[in-house]
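In: give the three-dimensional model of this entry:
(one chain, ligands or ions: 1)
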Amino acid sequence: MPSFDHDYELRRFAPEIVDGAATPATAGWVAAERLAFHETHHDDPETVAAEARRMITDDRELTGVYARETRPGTLGADQPVGTFVSFTKTLNVGGGRLVDAHLISDVTVRPTHRRRGILRRMMTGDLHRAAERGAAVAALTATEATIYRRFGFGPATRQRTISMSKREPLKLLTSSRGTVELADPTTLGPVAEAVFDAFHARTTGSVDRHAGHWSRMLAGVDYGTKPDPNLRAALHFSPEGTPDGYVTYRSAERGDDVVLTVVDLVTASDDAYLGLWELLASIDLVTEITWKAAPIDDVLVHALADNRHLTVAREQDHVWLRILDPVAALEARPYAADATVTLRVHDRLGLADGTFRLTASGGDGTVERLVGPDGDPAQGADVELDVSVLASCYLGGSDVVTLAAAGLLHEHAPGAVQRLRTLLTPERSVYGVTSF
Ligand SMILES: CC(=O)SCCNC(=O)CCNC(=O)[C@H](O)C(C)(C)COP(=O)(O)OP(=O)(O)OC[C@H]1O[C@@H](n2cnc3c(N)ncnc32)[C@H](O)[C@@H]1OP(=O)(O)O
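Out: Residues are numbered from 1 along each chain as shown. The predicted structure is shown next:
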């Protein structure tokens with residue numbers, strides 16, 4: 001019977017540019033990834049090199065699965081049938097604490113090679129390698145919500161697509177402090193990065209930005225090199241004159257409407273968030289504003305004079321986490337109370353399986369792995385849950401009481417779920433604006 005190793009070869013490599021051009025392996029990998037996501041692929045050397053440069057900037061490790069046999073007339077041997085990327089960026093786990101997260105992206109398998117275990121091979125191999133290297137947590141953003149739980153990932157942050165009708169004037173109940181100025185998105189880079197750093201430091205759930213995301217957010221470039229000439233930008237300044245928020249946006253006619261689409265809105269203060277919305281609300285000749293990355297717990301709902309102007313078109317999972325090392329992960333985040341809870345964590349991949357006693361005191365947690373006399377995970381834990389559910393409640397983005405009501409978390413000691421809820425309460429809503 002044919003096996004994975006008989007049919008395929010898995011190669012890991014760093015993206016490379018030689019004499020100004022992406023190497024054939026790098027270019028073939030990029031072509032395969034774009035094909036699978038139905039994205040336009042320009043194979044001119046400059047465009048492919050720009051993409052490779054972004055991958056090199058982020059120190060990405062590429063995985064390609066190559067068919068051992070390629071037939072004449074089909075896609076070439078340099079184009080893998082499976083692609084996978086991993087790289088490291090920080091994740092804010094609360095209280096301004098940043099932890100290295102193992103990010104996974106660009107997971108694709110060519111339609112003609114699907115459901116033969118290629119994703120499983122790439123994913124399980126990569127997670128084991130990340131755990132061996134000491135990563136406490138892995139993360140991804142998913143195209144579909146049904147793929148990754150089997151690998152131990154759980155949705156940890158959420159976002160909303162909102163739309164605001166501007167046929168009636170949009171008014172806020174309060175006015176914010178500071179000023180707003182229009183800006184040139186092509187020169188916004190360093191200021192936007194400083195604003196993002198401040199946002200990242202104060203927002204639990206935020207994942208640091210990567211080069212590809214920056215070029216989408218500040219230049220409107222998904223691939224290639226030419227900035228979108230329709231992109232506009234504005235900056236918010238604090239009363240002291242420090243930039244503390246920015247927005248990039250574009251407008252387009254849709255029938256009789258002019259729709260302003262927010263591309264990126266990043267703020268490091270409450271005034272900046274309200275101030276930039278005041279600006280968006282004041283732009284003439286616009287009938288609707290939309291934004292795909294709004295927070296779940298949106299200040300705007302309360303700040304609008306008429307909250308019915310805001311419509312939630314969609315709400316969905318954003319960042320999925322995978323706890324690789326429960327001791328390191330649970331000790332990294334802060335706690336909102338002093339208490340002890342024992343957790344029995346089940347992990348089908350074996351990476352995080354065990355019983356763990358979490359003791360929080362003075363804001364910090366210490367975690368001990370508990371083993372029974374037979375060497376197996378100790379019995380008698382207060383709470384029992386799958387590692388994917390631990391990922392969902394880890395940052396405090398999903399309430400453990402709600403997860404228990406959904407049947408995903410089981411209480412064995414009365415009061416333990418409430419105790420855990422108190423411990424995990426985040427200081428502010430869990431949210432992020434980086435997709436990868
Ligand atoms: C982090 C990211 O990059 S998100 C982007 C994901 N990629 C895409 O959406 C691109 C289009 N889709 C694809 O390329 C492929 O269908 C993939 C990558 C989703 C799946 O690749 P495959 O090699 O076919 O998956 P594989 O055969 O290894 O299946 C592994 C498991 O996932 C399940 N699975 C695979 N695809 C899906 C899916 N779309 N929805 C639900 N379950 C799925 C399989 O049933 C299998 O389950 P089991 O092992 O528990 O029985």
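In: just the pLDDT for G76.
Out: As predicted, G76 sits at a pLDDT of 85.
In: residue numbers of this protein in contact with the ligand?
Out: 36, 104-109, 114-120, 140, 142-144, 146-147, 150 (CB under 6 Å from any ligand atom). C-beta: built from backbone N, CA, C; applies to glycine.
In: quick one: D374 from R53, how far?
Out: 54 Å (CB to CB, to the nearest Å).
In: neighbour count for the two, which is higher?
Out: The neighbour comparison of D374 against R53 (other CB atoms under 10 Å) goes to R53, with 14 against 7.
In: once you drop chain neighbours, what's closest to that one?
Out: Closest residue in space to R53, ignoring its immediate chain neighbours: I17 at 6.6 Å, by CB to CB, 6 or more residues apart in numbering.
In: what does the model give the one you found for pLDDT?
Out: I17 is given a pLDDT of 98.
In: do G224 as well
Out: pLDDT at G224 comes out at 68.
In: give the buried residues for the helix or strand containing A281.
Out: Counting by DSSP states H and E, the element that carries A281 is helix 270-282. For helix 270-282, the neighbour count (16 or more other CB atoms under 10 Å) marks 271-281 as buried.
In: same check, this time on stretch 151-167
Out: 151-160, 162-164, 166.
In: quick check: chain neighbours aside, which residue is closest to the residue most central in space within the chain?
Out: Closest to where the C-alpha atoms of the chain average out (CA atoms, centre = their mean) is V319, at 3.8 Å. In space, V319 comes closest to T157 once its chain neighbours are excluded; the distance is 4.4 Å by CB to CB, 6+ apart.
In: now the one you found: how far from V312?
Out: Look at T157 and V312: by CB to CB, they are 16 Å apart.
In: re the thing from before, what pairs with the residue nearest to the centre of the chain across the strands?
Out: For V319, the beta-bridge partners are T141 (DSSP bridges).
In: test my guess that it contacts A139.
Out: Yes - the criterion here is CB atoms under 8 Å, and V319 meets it with A139 at 5.6 Å.
In: residues in contact with the residue sitting furthest away from the middle of the chain?
Out: Computed with CA atoms, centre = their mean, the residue of the chain farthest from its C-alpha average is P373, at 40.3 Å. For P373, no contacting residues are found, by CB atoms under 8 Å, 6 or more residues apart in numbering.
In: tell me the strands beside the following helix or strand past the helix holding A281, with direction?
Out: Counting by DSSP H and E, the next helix or strand C-terminal to helix 270-282 is strand 288-294. Partners of strand 288-294 in the sheet, by DSSP bridges, are strand 158-165 (antiparallel), strand 257-267 (parallel).
In: centre of the chain to the first one, how far?
Out: Same thing as strand 158-165. 17 Å (CA atoms, centre = their mean, to the nearest Å).
In: pull the residues that contact the lowest-mean-pLDDT helix or strand in the chain.
Out: For the chain, using mean pLDDT, DSSP states H and E, the weakest element among its helices and strands is helix 211-219, scoring a mean of 86. For helix 211-219, the surrounding residues in contact (CB under 8 Å, 6+ apart) are 53-55, 57-58, 185-186, 188-189, 192-193, 209, 221-222, 227-228, 231, 233, 248, 263-264, 434-436.
In: could I have the PyMOL command that selects the buried members from those?
Out: This is the PyMOL syntax for the buried subset of those, where burial follows 16+ other CB under 10 Å:
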select buried, resi 54+55+58+185+188+192+209+221+228+231+233+248+263+264+434+435+436
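In: narrow the residues of the chain next to the ligand to those in strands?
Out: 104-109, 140 (DSSP state E).
In: give me the residues contacting stretch 286-295.
Out: Here stretch 286-295 has contacts from 159-167, 251, 256-262, 264-265, 280-281, 300, 313, 318, 429, 431, 433, 435, using CB under 8 Å, 6+ apart.
In: if we go to 7 Å?
Out: For stretch 286-295, contacts defined as CB atoms under 7 Å, 6 or more residues apart in numbering pick out 159-167, 251, 257-262, 265, 280, 429, 431, 433.
In: state the pLDDT value of whichever residue of the stretch 151-300 of the chain sits closest to the ligand.
Out: Nearest to the ligand in the stretch 151-300 of the chain, going by CB to the nearest ligand atom, is F151, at a distance of 8.3 Å. Note for F151: predicted pLDDT of 98.
In: residues contacting it?
Out: The contact partners of F151, by CB under 7 Å, 6+ apart, come to 123, 127, 322, 349.
In: ok, now L285?
Out: Applying CB under 7 Å, 6+ apart, the residues near L285 are V258.
In: and if you look at L395?
Out: 93-94, 156-157, 204-205, 426, 430.
In: list buried members of those by neighbour count.
Out: 93-94, 156-157, 204-205, 426, 430.
In: closest to R177 among those?
Out: Minimum distance to R177 across the buried ones among the contacts of L395 is 24.3 Å, recorded for T204 (CB to CB).
In: what about the closest residue to that closest one other than its chain neighbours, which helix or strand?
Out: The spatially closest residue to T204, leaving aside those adjacent along the chain, is G94, at 4.5 Å (CB to CB, 6+ apart). In this assignment (DSSP H and E), G94 forms part of neither any helix nor any strand.
In: so what's G94 scoring on pLDDT?
Out: 98.
In: please enumerate the helices of the stretch 301-436 of the chain.
Out: With DSSP state H, counting those that start in this stretch as the criterion, the stretch 301-436 of the chain has helices at 326-332, 387-394, 400-405, 416-424.
In: which residues make contact with stretch 298-312 from outside it?
Out: Residues contacting stretch 298-312 (CB under 7 Å, 6+ apart): 160, 162-165, 170-174, 270, 273-274, 277.
In: contacts only, for the residue nearest to R53.
Out: Per CB under 7 Å, 6+ apart, neighbours of I17: 49, 52-53, 56.
In: next, format those residues as TSV and append pLDDT and secondary structure.
Out: Formatted as TSV, the contacts of I17 follow (pLDDT from 0 to 100; DSSP: H, G, I helix; E, B strand; the rest coil):
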residue	pLDDT	secondary structure
A49	94	helix
A52	96	helix
R53	95	helix
I56	98	helix
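In: for PyMOL, write a command that selects the buried ones of these.
Out: In PyMOL, this line selects whichever of those come out buried by 16+ other CB under 10 Å:
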select buried, resi 49+52+56
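In: which one is E181 nearest to, not counting chain neighbours?
Out: Nearest residue to E181, sequence neighbours excluded (CB to CB, 6+ apart): L235, at 5.6 Å.
In: now the helix or strand that contains that neighbour against helix 270-282, angle please.
Out: Using DSSP H and E, the element containing L235 is strand 232-237. Angle, strand 232-237 to helix 270-282, by axes from the mean of the first three to the mean of the last three CA atoms, to 10 degrees: 140 degrees.
In: which parts of the following helix or strand past strand 232-237 are buried?
Out: Downstream of strand 232-237, the first helix or strand assigned by DSSP H and E is strand 243-254. Under the neighbour-count criterion of 16+ other CB under 10 Å, strand 243-254 has 243-251 buried.
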